[in-house]
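> below are the sequence and a predicted model for it; my questions follow.
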Amino acid sequence: MLHVFRSRSHHRCVVVSRIAAALFLAACSSASDNVTAPSAGAPTRLELSTNGVALAGLGAADSIIATLRDADGNNVSASAVRWTSDNPLVAQVSASGSVGTVTGRAAGVTRIHATAGSLAMDVDVQVLGVRGVSLVQSAVALRAGDTQLLGTLIDADVNTSMTLHFTSLNAAVATVSADGVVSGISAGTTTVRVSSAADPRVFAMANITVNPARAVSFAPGGSAITLWVGDARSLSANVDVDANESHDIVWSSENIAVATVSESGVITATGIGTAIIRASSAADPRARAELLLTVRSARTVSVSPDTASLVAGAQQQFAATVVIEDGLSTKVVWSSSDTSVATVSDAGMVSAVAAGSTTITATSMADATRTGTATVIVNNAGASGGAVSAQLRRSK
């Protein structure tokens, strides 16, 4: 209540009023300073940002956020949240305050627990991944130069990487491509490891045996031969292929103007020069052998006359002509196929012995494969026309 004192002085009344007003404002200000904002209560509820986590594979990670609230729904600091995993071998969890980071360690299922005092919440975690890798063939045999695809089987979750890594433990024996194709390099053994890209701990092994490459070969010393125009020679070759494969040989000449070769391997020299004669495996054309053929001018021996008719006791001179390279002997060796009918001297003189027929042969001394022949018929003395024929030949 504001009292106004009546006095003789109006100035005194004004002063009292101002003091009272000041006291009233001071009291109001003091009451205002003593009012405080309401504070959050104790946590009564724990909330998590998800109730399930699926990780794509080994090493994949995801975060779970924890929130604490009081009875009025107000946020309470979640720094005291504790995170644990039922199976750290499947998924581990690391904590940073209210955030739990889950990392996949192996394919499988586990549960992550978040606790704050008496409050607890769980999150189911599945780590997607590869459970197993197996091979259709655990042992493979192939030849050097051959390839073979490794068949694989993968036991994995849907949406999991099916990529496999292939590694040869001895690339000098066999290599393996990124898609599992084994290539034989050289004879020997090695192992190929097949592992999951999603989880390298999951793998399978294949034993690889590399056998020598298929091969065709000539006999020792058969890599080069010489023939003369008109000659023919039969060739043969060894073939090393698998038992269930064809052992046939395909023959060919690189220069048919010099030599041809038949399906059975008979070479015929047709012209002067050189040619490569090739024997290839019918089972594997990569397997082949080659020889160098040199063809020279023909070597020939001819006998003159090429036929004669004598009477027993008569003689006839035969001559041999040898065509051969310069510097080689042109001499021949004479022989009779039946000396009881006729004999022949070193100089080619034929002597008739008894009735019958024989072949006179002149063989080159420089090349015994070159011969010339003549046919001699011997008649008994007194046979019609025989004496005249014999007399004519003796007079030559």
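Everything's here; your move.

> any idea how far the nearest residue to residue 377 once chain neighbours are set aside is from residue 315?
Nearest in space to residue 377, with sequence neighbours left out and distances taken as Cβ to Cβ, 6 or more residues apart in numbering, is residue 309 at 4.7 Å. From N, CA and C alone the C-beta is placed, and that goes for glycine too. Residue 309 sits at a distance of 13 Å from residue 315 (criterion: Cβ to Cβ, to the nearest Å).

> tell me which of these two has more neighbours.
residue 309 (19 against 15; other Cβ atoms under 10 Å).

> re earlier: helices and strands around whatever helix or strand the residue nearest to residue 377 lives in, which ones?
Assessed by DSSP states H and E, residue 309 sits inside strand 307-311. Where contact means 3 or more Cβ pairs under 8 Å, 6 or more residues apart in numbering; DSSP states H and E, strand 307-311 is packed against strand 349-352, strand 371-379, helix 386-395.

> per-stretch mean pLDDT over the ones you listed, give me the minimum one.
Of all those, the minimum mean pLDDT falls on helix 386-395 (a mean of 37).

> picking up where we left off before, from residue 344, how far off is the residue nearest to residue 377?
Counting by Cβ to Cβ, the gap from residue 309 to residue 344 is 16 Å.

> try residue 131
From residue 131 to residue 344 the distance is 95 Å (Cβ to Cβ).

> between those two, tell me which one has more neighbours.
A direct count of neighbours by other Cβ under 10 Å for residue 131 and residue 344 places residue 344 higher, at 21 against 15.

> and the nearest residue to that one once chain neighbours are set aside, how many neighbours does it have?
Of all residues not flanking residue 344 in the chain, residue 334 sits nearest, at 4.5 Å (Cβ to Cβ, 6+ apart). Applying other Cβ under 10 Å, we find 19 residues neighbouring residue 334.

> bridged to residue 334, which residues?
Beta-bridge partners of residue 334, counted by DSSP bridges, are residue 362.

> now do the contacts for it.
Residue 334 makes contacts with 318, 320, 344-348, 360-363, as judged by Cβ atoms under 8 Å, 6 or more residues apart in numbering.

> ok, so of these, who is nearest residue 248?
residue 363 (37.8 Å; Cβ to Cβ).

> residues touching that closest one, list them.
301, 332-335, 370-371.

> look up how far residue 338 lies from it.
Residue 363 is 17 Å from residue 338, by Cβ to Cβ.

> before we move on, what about residue 195?
84 Å.

> between those two, which is the more surrounded one?
residue 195 (18 against 15).

> what comes into contact with the strand or helix carrying that one?
Remark: residue 195 resides in strand 188-196, with elements defined by DSSP H and E. Residues outside strand 188-196 that contact it (Cβ under 8 Å, 6+ apart) are 129-130, 133, 135, 150, 152, 154, 156, 161, 163-174, 176, 180, 182, 201-210.

> among those residues, name the buried ones.
129-130, 133, 135, 150, 152, 154, 156, 161, 164, 166, 168, 170, 173-174, 176, 180, 182, 202-204, 206, 208-210 (16 or more other Cβ atoms under 10 Å).

> surely residue 42 is in contact with residue 70?
Yes. At 6.2 Å, residue 42 and residue 70 qualify as touching, with contact defined as Cβ atoms under 8 Å.

> so what sits against both of the two?
In contact with both residue 42 and residue 70: residue 76, using Cβ under 8 Å, 6+ apart.

> check which helices and strands the helix or strand residue 153 falls within sits against.
Assessed by DSSP H and E, residue 153 sits inside strand 152-156. Packed against strand 152-156 by the contact rule (3+ Cβ pairs under 8 Å, 6+ apart) you find strand 130-135, strand 188-196.

> now render these as TSV, adding mean pLDDT.
Listed next are those as TSV, based on pLDDT from 0 to 100:
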stretch	mean pLDDT
strand 130-135	92
strand 188-196	97
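
> if we can go back for a sec, filter the buried ones among the contacts of strand 188-196 down to the ones in strands?
130, 133, 135, 152, 154, 156, 164, 166, 168, 174, 176, 182, 203-204, 206, 208-210 (DSSP state E).

> for the residue nearest the centre of the chain, give its distance to residue 346.
The centroid of the chain falls nearest to residue 183 when counting by Cα atoms, centre = their mean (1.9 Å). Per Cβ to Cβ, residue 183 is found 68 Å from residue 346.

> repeat that for residue 339.
With Cβ to Cβ as the criterion, residue 339 and residue 346 are 14 Å apart.

> same thing with residue 105?
102 Å.

> circling back: the strand holding residue 309: partners in the sheet, and parallel or antiparallel?
Going by DSSP bridges, the partners of strand 307-311 are strand 371-379 (parallel).

> buried residues, the strand it pairs with. List them.
Under 16+ other Cβ under 10 Å, the buried positions of strand 371-379 are 371-372, 374, 376-379.

> in TSV: the residues you listed, plus distance to residue 220.
As requested, the buried residues of strand 371-379 are exported to TSV (distance: Cβ to Cβ, whole Å):
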residue	distance to residue 220
371	29
372	33
374	40
376	43
377	47
378	48
379	53
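
> any idea how far stretch 215-224 is from the chain center?
In terms of Cα atoms, centre = their mean, to the nearest Å, the centre of stretch 215-224 is set 28 Å apart from its chain centre.

> ok, residues contacting it?
235-240, 249, 279-281, 287-294.

> give me that answer again for 10 Å
143-144, 225, 235-241, 249-250, 274, 277-282, 284-294 (Cβ atoms under 10 Å, 6 or more residues apart in numbering).

> so which bits of that stretch are buried?
In stretch 215-224, counting by 16+ other Cβ under 10 Å, buried: 215-216, 218.

> just the closest of those to residue 50, please.
Using Cβ to Cβ, these come closest to residue 50 at residue 215, 66.1 Å.

> please check the contacts of residue 363 and keep the buried ones.
For the contacts of residue 363, buried by 16+ other Cβ under 10 Å: 301, 332, 334-335, 370-371.
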